[in-house]
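Next one to model:
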Amino acid sequence: MALKTMSLIAVDATLNSIIVHIIVTSRVLCGPASQGSLPDVLTRLNHRIGRPTLATAVGVGAILPPALAVPLSGLADLTARFTFMIFAIVDAAILRIKSRGAESPANVVVCPRWVPAAGLISSLGLLALDQVAR
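Residues are numbered from 1 along each chain as shown. Here you go, the predicted model:
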């Protein structure tokens, strides 16, 4: 009974993670598109639900094939690794922006430089530990 319960929890957590990644991917595409770094069409919101439909479809197209092709245990590993890689990329980008010394825009949360540095070090460290454990 406990094994079935744990298996259901694992499947639910993995499916939830896939859904979260689809939502996050659509927002990650929509943000740079609104700044002109990606095609403007990715910023268009569905008038009825107020969501970036095309950006969400792109996210589904990027995430669904591996989700269907990779076994559950492998999918959980991939999800964790990709999440830490994305965290590391974002932290590195924040450090690069901070190193330019540009003035921060209004209404933006500004964190000290040690925050993205700690995030970058911890994300890369966990990725390295994962490789050593294999």
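
What is the burial count for residue 61?
When counting by other Cβ atoms under 10 Å, one arrives at 11 neighbours for residue 61. Every C-beta, even on glycine, is put in place using the N, C-alpha and C of the backbone.

other SSEs contacting the lowest-mean-pLDDT helix or strand in the chain?
The helix or strand of the chain with the poorest confidence is helix 2-34; it has a mean of 82 (mean pLDDT, DSSP states H and E). Here helix 2-34 touches helix 53-69, helix 72-99, going by 3 or more Cβ pairs under 8 Å, 6 or more residues apart in numbering; DSSP states H and E.

which stretch among those helices comes nearest residue 110?
Among these, the nearest to residue 110 by Cβ to Cβ is helix 72-99 (9.0 Å).

I'd like the distance from the helix or strand just after the closest one to the chain centre, please.
The C-terminal neighbour of helix 72-99 among helices and strands, as given by DSSP states H and E, is helix 114-133. Its chain's C-alpha centre and that of helix 114-133 lie 16 Å apart, by Cα atoms, centre = their mean, to the nearest Å.

CA atoms of helix 114-133 as PDB?
Extracted C-alpha coordinates of helix 114-133, given in PDB (Å, rounded to 0.1, in the frame of the first residue of the first chain):
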ATOM      1  CA  TRP A 114      25.900  38.100  -3.500                       C
ATOM      2  CA  VAL A 115      22.300  36.700  -4.000                       C
ATOM      3  CA  PRO A 116      22.800  35.700  -7.700                       C
ATOM      4  CA  ALA A 117      26.400  34.700  -7.000                       C
ATOM      5  CA  ALA A 118      25.200  32.300  -4.200                       C
ATOM      6  CA  GLY A 119      22.500  31.000  -6.600                       C
ATOM      7  CA  LEU A 120      24.900  30.400  -9.400                       C
ATOM      8  CA  ILE A 121      27.400  28.600  -7.100                       C
ATOM      9  CA  SER A 122      24.700  26.500  -5.500                       C
ATOM     10  CA  SER A 123      23.100  25.600  -8.800                       C
ATOM     11  CA  LEU A 124      26.400  24.600 -10.400                       C
ATOM     12  CA  GLY A 125      27.400  22.800  -7.300                       C
ATOM     13  CA  LEU A 126      24.300  20.700  -7.200                       C
ATOM     14  CA  LEU A 127      24.700  19.900 -10.900                       C
ATOM     15  CA  ALA A 128      28.300  18.800 -10.300                       C
ATOM     16  CA  LEU A 129      27.300  16.700  -7.300                       C
ATOM     17  CA  ASP A 130      24.600  15.000  -9.500                       C
ATOM     18  CA  GLN A 131      27.300  14.100 -12.000                       C
ATOM     19  CA  VAL A 132      29.600  12.700  -9.300                       C
ATOM     20  CA  ALA A 133      26.800  10.600  -7.900                       C
END
